[in-house]
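Enquirer: From the sequence below, what's the structure:
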Amino acid sequence: MTEPADQRPPGAAEGAADAGPATRHLPTHTVVIPPDVNMVTLLGPRDELLRTMERAFPRAQIHVRGNEFHVSGPSGDIALVERTLDELLAVIEGGQPLNRDAVERSIQMLRANSVERPADVLTMNIVSNRGRTIRPKTLNQKHYVDAIDDNTIVFGIGPAGTGKTYLAMAKAVAALQAKQVNRIILTRPAVEAGERLGFLPGTLNDKIDPYLRPLYDALHDMVDPESIPKLMAAGTIEVAPLAYMRGRSLNDAFIILDEAQNTSPEQMKMFLTRLGFGSKMVVTGDVTQVDLPGGNLSGLRVVRDILAGVEDVHFSILTAHDVVRHRLVGEIVNAYGRWDSAHGAGTDGVRGGGGRAHGAGTDGVRRGGGEPAARSGRVDVGEGTA
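Expert: Next up, the predicted model:
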């Protein structure tokens, strides 16, 4: 914890005199960092983390001398800087390294007056592999992870880069390691950007594999690559298209449906009713990136209305503030949102917009004048009804 010292630091009067009339009479507060804390860890290389705090509090002046922070400015900013330092020290004490992202997210959570402490969010470990630890990075992500612990079926809905699938897979691996489940099942609908599998070269497995590749990539981050073939051969980990789930009852399993915005309502019903005893389900997707052909209705869009009020089913909503990829990804998501609002685009996005009203037909898959379901030499996987 920090130790505030209200006395004016040596040389503070001269600094205040040089600061000009705008800051001369602002209150000053001194925060003493415990001597066992490495100041380089707190300040960052070349004071990068200090500069991050200075940018976050433009109305305050932050000076560091030895193990003391001297903060002057509006009293509200001074209090928030002190709380930020307390949280960063707690993160360090928890054995986690600090970086610019952690500092920015800590300040963001403090400004949101959240009940949870930023340090509790940033030090929550889900699974570790090869020295890398996977944990939530935002408050909404922590709520999402907590919901997976507390509910049998969880829907994670949000834009690209918010960690919906990645965190769900980390929870699945953690559950398998803790012997809470006997297997992990990862599935996706084989529909992407208007493409059809029948037009792709190769065998059926060759056609399907590219659609499932993102799941394999995430899996390699969490499980030793050498053990993955053995686990898959034993059926402990299964990665398969959604169509392969039909007719099954999945017991003692952690089941993840990714890209669920590309399911029809019938496919969504089919998937959810595969739930067996001792299993958990996590359904992830982004309703702004629907790739269903012909403007077909997305099962992810309607399921919230259908399952509203059903006990043990939870919907977690993530936003652009929860994007954990490159900072530009969050800005791109926001820019597209503003463009959609200005041009009156539907929430299903460009390709999947114009979904039908609730009174539309129930066949769901080939509505709106779509192409015939099959042609010579063509294979459509994952687009059938329940």
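
Enquirer: show me where the protein has helices.
Expert: If DSSP state H is used as the criterion, the helices of the chain fall at 12-19, 39-43, 48-56, 75-93, 100-111, 118-122, 139-150, 164-177, 204-222, 228-233, 265-272, 299-306, 327-343.

Enquirer: so what's Q108 up against?
Expert: By C-beta atoms under 8 Å, 6 or more residues apart in numbering, the contact set of Q108 is 138, 321. Placement of C-beta: from N, CA and C, glycine included.

Enquirer: Need the helices of the chain in CSV (columns: distance to V287).
Expert: Below are the helices of the chain laid out as CSV (distance: least, C-beta to C-beta, whole Å):
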stretch, distance to V287
helix 12-19, 50
helix 39-43, 41
helix 48-56, 32
helix 75-93, 33
helix 100-111, 24
helix 118-122, 25
helix 139-150, 16
helix 164-177, 12
helix 204-222, 18
helix 228-233, 31
helix 265-272, 12
helix 299-306, 5
helix 327-343, 12
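
Enquirer: need those helices in TSV with distance to V282 and mean pLDDT, can you?
Expert: Shown next, in TSV, are those (distance: least, C-beta to C-beta, whole Å; pLDDT from 0 to 100):
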stretch	distance to V282	mean pLDDT
helix 12-19	53	40
helix 39-43	35	94
helix 48-56	33	95
helix 75-93	27	94
helix 100-111	23	92
helix 118-122	19	91
helix 139-150	6	95
helix 164-177	4	94
helix 204-222	13	72
helix 228-233	19	90
helix 265-272	11	95
helix 299-306	13	94
helix 327-343	21	82
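
Enquirer: Who are the contact partners of the residue nearest to the spatial centre of the chain?
Expert: Residue closest to the average C-alpha location in the chain (C-alpha atoms, centre = their mean): G163, at 2.5 Å. Contacts for G163 (C-beta under 8 Å, 6+ apart) come out as 136-137, 141, 318, 322, 324.

Enquirer: Tell me the one of those residues nearest T41?
Expert: Nearest to T41 among the contacts of G163: K137, at 18.9 Å, using C-beta to C-beta.

Enquirer: The closest one touches V324, doesn't it?
Expert: Yes - counting by C-beta atoms under 8 Å, K137 touches V324, with 5.0 Å between them.

Enquirer: what is in contact with those two at once?
Expert: Jointly contacting K137 and V324 under the rule C-beta under 8 Å, 6+ apart are 101, 163.

Enquirer: still on that earlier bit, make a ChimeraX selection of the buried ones in the contacts of G163.
Expert: Applying 16 or more other C-beta atoms under 10 Å to the contacts of G163, the buried members can be selected in ChimeraX as follows:
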select :136,137,141,318,322,324
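
Enquirer: Lowest pLDDT pick from the contacts of G163?
Expert: For the contacts of G163, the weakest pLDDT value sits at V324, with 82.

Enquirer: how about it, what does it touch?
Expert: 101, 137-138, 141, 161-163.

Enquirer: Pull the most distant pair out of these.
Expert: D101 and T162 (14.1 Å).

Enquirer: which of these two has more neighbours?
Expert: Shown here are D101 and T162; by other C-beta atoms under 10 Å, T162 has more neighbours (31 against 13).

Enquirer: Distance of the more buried one relative to D312?
Expert: 23 Å (C-beta to C-beta, to the nearest Å).

Enquirer: Check Y144 too.
Expert: On the measure of C-beta to C-beta, Y144 and D312 end up 16 Å apart.

Enquirer: Between the two, point out the one with more neighbours.
Expert: The neighbour comparison of Y144 against D312 (other C-beta under 10 Å) goes to Y144, with 29 against 9.

Enquirer: Which positions in stretch 92-106 come out as buried?
Expert: 92, 96, 98, 102-106.

Enquirer: Can you name the residues bridging to V64?
Expert: Legend: beta-bridge partners of V64 under DSSP bridges are F69.

Enquirer: how many other residues sit next to it?
Expert: 16.

Enquirer: can you check H343 too?
Expert: Neighbours around H343, by other C-beta under 10 Å: 7.

Enquirer: roughly how far apart are it and G337?
Expert: H343 is 11 Å from G337, by C-beta to C-beta.

Enquirer: Give the intersection of the neighbour lists for those two.
Expert: Joint contacts of H343 and G337 (C-beta under 8 Å, 6+ apart) do not exist.

Enquirer: Now tabulate the contacts of V324 in TSV and tack on distance to V121.
Expert: What follows is the contacts of V324, written out as TSV (distance: C-beta to C-beta, whole Å):
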residue	distance to V121
D101	12
K137	7
T138	7
Q141	8
G161	18
T162	14
G163	13
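
Enquirer: Return the backbone torsion pair for the residue nearest to the centre of the chain.
Expert: Main-chain dihedrals, G163, degrees, to the nearest 10: phi 80, psi 20.

Enquirer: What of G161?
Expert: The phi/psi pair for G161 (degrees, to the nearest 10) is phi 90, psi 10.

Enquirer: Which residues are in contact with it?
Expert: So G161 contacts 323-325, 329-330, 333 (C-beta under 8 Å, 6+ apart).

Enquirer: swap the cut-off to 7 Å and go again
Expert: By C-beta atoms under 7 Å, 6 or more residues apart in numbering, G161 lies in contact with 323-325, 329.

Enquirer: Could you measure from T162 over to T263?
Expert: Taking C-beta to C-beta, one finds T162 at 19 Å from T263.

Enquirer: With L85 instead?
Expert: Taking C-beta to C-beta, one finds L85 at 47 Å from T263.

Enquirer: Neighbour count for those two, which is higher?
Expert: T263 (30 against 21).

Enquirer: and the closest residue to the more buried one other than its chain neighbours, how many neighbours?
Expert: Spatial nearest neighbour of T263, chain neighbours left out: G299 (4.0 Å); criterion: C-beta to C-beta, 6 or more residues apart in numbering. Counted by other C-beta under 10 Å, the residues lying close to G299 total 29.
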